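Novice: Give me a 3D structure for the following:
(chains A and B)
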There are 2 protein chains.
Amino acid sequence: MDERALKEVVREIIGTEQTLDDCAVFPSNGGLLVATTDMLHETTDFPRGMTDWQIGWMSAAVTLSDIAAMGARPAMVLLAVGLDTGQRLRQILTGAKACCESCGAVLAGGDLDAHRELTIVSSGIGFAEGGKVVRRHGAVPGDLIGITGPLGRAQAALEGYSRYKRVLLEPVPRVNEGLILASGGVSSMMDISDGLVLSLYDLLDANRCGYSIDSNLLPLLEGVPAEKSREYALFGGGDFELLFTCPPDRHPVHGVTYYPVGRVIEEPRVEVDGRSEMARGYLHRWDE
Amino acid sequence: MDERALKEVVREIIGTEQTLDDCAVFPSNGGLLVATTDMLHETTDFPRGMTDWQIGWMSAAVTLSDIAAMGARPAMVLLAVGLDTGQRLRQILTGAKACCESCGAVLAGGDLDAHRELTIVSSGIGFAEGGKVVRRHGAVPGDLIGITGPLGRAQAALEGYSRYKRVLLEPVPRVNEGLILASGGVSSMMDISDGLVLSLYDLLDANRCGYSIDSNLLPLLEGVPAEKSREYALFGGGDFELLFTCPPDRHPVHGVTYYPVGRVIEEPRVEVDGRSEMARGYLHRWDE
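Specialist: Alright, predicted model coming up:
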């Protein structure tokens, strides 16, 4: 069964609404709660050469980034850790705790188990402020497309541009950015992890409109040739920035740095510089 | 590193308070939220011969039972599933959803991954009613010790008493019992999974008192010799009943069936029929 067939099974049993977004959404004492879980394996999800501290940091970061993508405030993270060796636990937990604290969340507990390959499942809970979350659907033609930071840095690090190593190994979840964008009235949002183009295809999946990127608006990476920089941004993995759409009358949202990189269009396709772009990216290249 | 050393690392980094109980506890819009996560592996956590539907059911049940043990009402479960083969997904999710619905909770989503050995991490959220949870600590000498059902049935099924197979393979989380006991004022609670004696040692860990069991009060299992029945109850794994302590003036708690099986004592030890009992149980005998 391929990934698409598996997704169909999930949607059939759990429901489409709940499974489209970065988090599940649930009413909580008059407000809204968001919750998410991510399974990570050493060989496929953690770049080689990462320290255990960084593995812990990233395990928390993926979950905190999912919560940020809903425009919610993270409250707690739980880690289920399948350890290949007990010696790694302290640094993993210390890194995860540091990442949680940097986002105002608590590393609240978890579960331990033995496992041949280090396996970490990070689950988290956040609360929507003002009783509202931002979902992947909601974009309308004419909305501008924004990103919270330069893309392609993680991929550049993987390709040997060592100045971007820290972005790759210790990604910073865009929690404050997500909260400000949500209260600023953006129409849809998600976090990017497998490149801009694949993320736009995820948005395509949840909306009845298309996405047009102007590659000249993509911030270039210092020290990387322009053509490579542009390619990493469009197709590179590992970035933790937010991708959102914003009604023109809400732009600019104050108090947050972001880059407008295109427009939502009527035609349901992803285009770059006016030409249709296929769904492709550098998925899971950690082990190369 | 042994399990005790690992636990020490967890407590040091995450804090003792949060890690003693079946769930982490967190304030939520004026109320209390509980959250838990459990990692399960096919060879160690699921009895051989289980169907995929039952594996799904049990994956949700362990989490719902943890929430029940706090006297909280389960709201949602998320499953992170590392699949050895995609064909299993439908039945796993269907079973998990059935278990969630039987407890008034929603299977709200999760994450999919590929894995050599089927690995499921079940995470869940619940809400405390009346702004109060029941923890593992809180027992006082003189309190009676209660259990919500006959113990040892899961172990009896493992030993070949097939009439108890369903208790082993499709355990029912004691959600209503937990809610009623919590509102009835029990002083401490947890769910049993590795036998009564090991669970009492877990309570010992969280309290400054001891536990005295009168083995004549343990309900005997129909069709099992009395001596075996008693042994399965004390040391057998796989039961999903709640274990709690109750101040004498709160007993009986109405609206719930339970069995008083002993008393909380001053001396910090676990005793059965007046004699000290070692911490032992039939841990993880699924693969035998």
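Novice: Show me where chain A has its helices.
Specialist: For chain A, the helices defined by DSSP state H occupy A:3-14, A:16-19, A:42-45, A:52-69, A:89-102, A:153-158, A:165-169, A:175-183, A:196-206, A:226-235.
Novice: need the least confident one among the ones you listed, by mean pLDDT.
Specialist: Note on those: helix A:16-19 shows the lowest mean pLDDT, a mean of 78.
Novice: got the CA positions of that one in CSV?
Specialist: Provided in CSV are the C-alpha atoms of helix A:16-19 (Å, rounded to 0.1, in the frame of the first residue of the first chain):
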residue,chain,number,x,y,z
THR,A,16,-11.2,14.1,6.8
GLU,A,17,-11.7,17.2,8.9
GLN,A,18,-9.5,16.0,11.8
THR,A,19,-6.7,14.7,9.6
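Novice: What residues does the stretch 51-200 of chain A have near chain B?
Specialist: A:75-76, A:78-83, A:85-87, A:89-90, A:93-94, A:97, A:106-113, A:115-117, A:119, A:121, A:123, A:125, A:127 (C-beta under 8 Å from any C-beta of the partner chain). Any C-beta I mention is one placed from the backbone N, CA and C, and that applies to glycine too.
Novice: Was I right to think A:Gly149 contacts A:Thr257?
Specialist: Yes. Using C-beta atoms under 8 Å, A:Gly149 is in contact with A:Thr257, at 7.5 Å.
Novice: of the two, who's got more company?
Specialist: A:Gly149 (18 against 8; other C-beta atoms under 10 Å in any protein chain shown).
Novice: ok, of the residues of the stretch 51-200 of chain A next to chain B, which come out buried?
Specialist: A:75-76, A:78-83, A:89-90, A:93-94, A:97, A:106-113, A:115, A:119, A:121, A:123, A:125, A:127 (16 or more other C-beta atoms under 10 Å in any protein chain shown).
Novice: For the closest residue to A:Tyr211 other than its chain neighbours, which residues are in contact?
Specialist: Leaving aside its sequence neighbours, A:Tyr211 sits nearest to A:Leu200 (C-beta to C-beta, 6 or more residues apart in numbering or on different chains; 4.5 Å). A:Leu200 sits next to A:Ile145, A:Tyr211, A:Ile213, A:Leu243, A:Val270 when contact means C-beta atoms under 8 Å, 6 or more residues apart in numbering or on different chains.
Novice: for A:Pro141, same thing?
Specialist: Contacts of A:Pro141 by C-beta under 8 Å, 6+ apart are A:Cys209, A:Arg263, A:Val264, A:Ile265, A:Glu266.
Novice: From the residues you listed, pick the one nearest chain B.
Specialist: A:Cys209 (24.3 Å; C-beta to the nearest C-beta).
Novice: What pLDDT does the model give the closest one?
Specialist: 97.
Novice: I'd assumed A:Leu83 was in contact with A:Arg116.
Specialist: No. Taking C-beta under 8 Å as the definition, A:Arg116 is not a contact partner of A:Leu83, at 10.1 Å.
Novice: picking that back up, quick check: the residue nearest to A:Tyr211 vs A:Val186, distance?
Specialist: Distance from A:Leu200 to A:Val186, counting by C-beta to C-beta, to the nearest Å: 15 Å.
Novice: What about the buried ones among the residues of the stretch 51-200 of chain A next to chain B, which are in strands?
Specialist: A:75-76, A:78-83, A:106-113, A:119, A:121, A:123, A:125, A:127 (DSSP state E).
Novice: So chain A: which segments form each domain?
Specialist: A:3-131, A:144-276 (automatic domain parsing).
Novice: Dump those into JSON lines; add distance to B:Leu6 as well.
Specialist: Formatted as JSON lines, those follow (distance: least, C-beta to C-beta, whole Å):
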{"stretch": "domain A:3-131", "distance to B:Leu6": "5"}
{"stretch": "domain A:144-276", "distance to B:Leu6": "25"}
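Novice: quick one: which of those domains is nearest B:Lys7?
Specialist: domain A:3-131 (8.0 Å; C-beta to C-beta).
Novice: got the contact list for the spatially most central residue of chain A?
Specialist: The centroid of chain A falls nearest to A:Asp191 when counting by C-alpha atoms, centre = their mean (2.8 Å). Counting by C-beta under 8 Å, 6+ apart, A:Asp191 touches A:Asp22, A:Ser65, A:Asp66, A:Ala68, A:Ala69, A:Pro173, A:Arg174, A:Phe240, A:Glu241, A:Leu242, A:Leu243.
Novice: With A:Pro268 instead?
Specialist: Per C-beta under 8 Å, 6+ apart, neighbours of A:Pro268: A:Leu204, A:Asn207, A:Arg208, A:Cys209, A:Gly210.
Novice: next one: A:Gly31
Specialist: A:Phe127, A:Ala128, A:Gly131, B:Ser28, B:Asn29 are the contacts of A:Gly31 under C-beta under 8 Å, 6+ apart.
Novice: Tell me which two of those sit farthest apart.
Specialist: Maximum distance among the contacts of A:Gly31 (C-beta to C-beta): 13.5 Å, for A:Gly131 and B:Ser28.
Novice: Which one of those two is surrounded by more residues?
Specialist: B:Ser28 (20 against 11).
Novice: pretty sure the more buried one contacts A:Gly30?
Specialist: No. Under the criterion of C-beta under 8 Å, B:Ser28 makes no contact with A:Gly30, lying 10.0 Å away.
Novice: overlap in contacts of these two?
Specialist: In contact with both B:Ser28 and A:Gly30: no residue, using C-beta under 8 Å, 6+ apart.
Novice: Can you report how many residues lie near the closest residue to A:Ala128 other than its chain neighbours?
Specialist: Of all residues not flanking A:Ala128 in the chain, A:Leu32 sits nearest, at 4.0 Å (C-beta to C-beta, 6+ apart). Neighbours of A:Leu32 under the rule other C-beta under 10 Å: 20.
Novice: With A:Arg73 as the reference, measure out to A:Leu32.
Specialist: Counting by C-beta to C-beta, the gap from A:Leu32 to A:Arg73 is 11 Å.
Novice: shared neighbours, these two?
Specialist: With C-beta under 8 Å, 6+ apart, A:Leu32 and A:Arg73 have common neighbours A:Phe127, A:Ala128.
Novice: Check the gap between the residue nearest to the centre of chain A and B:Ala182 for me.
Specialist: 38 Å.
Novice: Over to A:Gly71?
Specialist: 34 Å.
Novice: which of those two has more neighbours?
Specialist: A:Gly71 (28 against 24).
Novice: ok, for the more buried one, nearest residue in space, not its chain neighbours?
Specialist: A:Ala182 (2.5 Å).
Novice: start to end distance for stretch A:63-79?
Specialist: End-to-end distance for stretch A:63-79: 10 Å, by C-alpha to C-alpha, to the nearest Å.
Novice: and that stretch, how far from the chain's centre?
Specialist: 11 Å (C-alpha atoms, centre = their mean, to the nearest Å).
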